[in-house]
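[1] got a structure for you, letters missing:
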């Protein structure tokens, strides 16, 4: 028997490969099916099942393409009603995989169809649970992401309490917990950077597994929840209803475009231009009105947060040989309308005589020197929780997550100095602001991390202790 966790850092997502006696089950695969098919082929095995723990909200699963290409059976837990052919299992149903068994445990709460898969080895021993978004390392799934549910988040949290206590807590402490996500995912609020653990250790360290009443559990898991990213319900619908084949999406997105073709498509379809290069390269020269969302970081989640129309036509710039990665990551969060990339990149744009813009930037020390002597408009685009933890006195918090709805708080005629934690999000924010007519924005290099190394650390920083 083989168990392999296939972890994708930019999405903080874990898929799983389980193999026994030439048969394979893939749990919660990403959109691109090739890695799973290739792994099974290398091992001389056949993919028998594609097991889905629930209708995912934060990414588009690869269940349909994987089943289409391998003949595998898609499996969901009880109450799921997918709009395509799949096996909806009953609670405690046993699935045979080679010499092992997988038991379906219905664990509603994150969503009503959420299920946990319990792996039994060749001797029938309980080895591991694949918990999806029911149980994380250090947390449980948020109870407010169900698709078109008439249940409140408190109702779902109550179901989650029952699922945890009736289905999971009774399992042996030696069972390994394999969740669908780790730290960085918006599907929970307190996830560990560890991606698996023993159930026994989680019983000791996970706040949600401590002895408590149902009402106390509901209060604990619903406390501090912020609105989920706007693309979450849209991805959940795609996972339930179906989507375009990934191969078609990839072929369309990998269309090389000349400067003239690029401009024509942009103007005729009102396409969004996303610049996926390094932030330093974007700052030196970029296409006016383009958004920077660099492939080097959490590209897909930020596209999902910021691009409000899933069907928006997208054109992109990228570093050479990263075009496939860009289209793949876009598709993972449901953006299937990439229409091509600028062949030759920014160099071709310049050679064609087209206008480029630069992003004005300032070092943290230079900003600190200016800030100490006169008033400057400072925008902190970190998340609210980061800002409340510690920030520069006088800074205004405009979280990148909510930049579209909160942009009315600032004045386009003013100059704003923008920072995040390290410099990635602030460049995104500057690019979005510039595209909306806020042309006088200056990026602070190194972000909050660099600002803390300046004299501002001693005179201008505010933390919870100083706020009392």
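    All right, it came through fine. These numbers were taken from a predicted model, which means no experiment stands behind them.
[2] which SS state does residue 49 fall under?
    strand (DSSP: H, G, I helix; E, B strand; the rest coil).
[3] Residue 111 against residue 144, yeah?
    No - with contact defined as CB atoms under 8 Å, residue 111 does not reach residue 144; the gap is 9.9 Å. (C-beta placed from N, C-alpha, C; glycine too.)
[4] Who has more neighbours out of these two?
    Remark: of residue 111 and residue 144, residue 111 carries more neighbours, 30 against 21, as counted by other CB atoms under 10 Å.
[5] next one: phi and psi at the more buried one?
    phi -140, psi 170 (degrees, to the nearest 10).
[6] ok, now which ones touch residue 191?
    12, 136, 137, 138, 139, 181, 182, 183, 184, 185 (CB atoms under 8 Å, 6 or more residues apart in numbering).
[7] no no, residue 431
    Applying CB under 8 Å, 6+ apart, the residues near residue 431 are 275, 282, 286, 290, 291, 292, 359.
[8] Then residue 94?
    101, 102, 103, 104.
[9] How about it: which residues does it bridge to?
    For residue 94, the beta-bridge partners under DSSP bridges are residue 103.
[10] And it, how far from residue 102?
    Computed with CB to CB, to the nearest Å, the distance linking residue 94 and residue 102 is 7 Å.
[11] and the two most separated of the contacts of residue 431?
    291 and 359 (11.9 Å; CB to CB).
[12] quick revisit: return every residue with contacts to both of residue 111 and residue 144.
    The contact sets of residue 111 and residue 144 overlap at residue 156 (CB under 8 Å, 6+ apart).
[13] circling back: tell me the one among the contacts of residue 191 nearest to residue 222.
    residue 139 (12.8 Å).
[14] I'd guessed the closest one sits against residue 208; true?
    Yes - using CB under 8 Å, residue 139 is in contact with residue 208, at 6.4 Å.
[15] the more surrounded of the two?
    A direct count of neighbours by other CB under 10 Å for residue 139 and residue 208 places residue 139 higher, at 24 against 21.
[16] Tell me the spacing between residue 11 and residue 183.
    For residue 11, the distance to residue 183 - CB to CB - is 12 Å.
[17] now swap in residue 190 and tell me
    Residue 190 sits 9 Å away from residue 183, going by CB to CB.
[18] same check, this time on residue 231
    20 Å.
[19] Repeat that for residue 151.
    Counting by CB to CB, the gap from residue 151 to residue 183 is 28 Å.
[20] cool, and residue 112?
    Residue 112 is 26 Å from residue 183, by CB to CB.
[21] Among those two, which residue is more densely surrounded?
    For residue 112 versus residue 183, the count of surrounding residues by other CB under 10 Å is larger for residue 112: 20 against 16.
[22] check contacts around the more buried one.
    Counting by CB under 8 Å, 6+ apart, residue 112 has contacts 79, 146, 149, 151, 156, 159.
[23] residues contacting the last one?
    Contact criterion CB under 8 Å, 6+ apart gives 108, 109, 112, 143, 151 as the residues in contact with residue 159.
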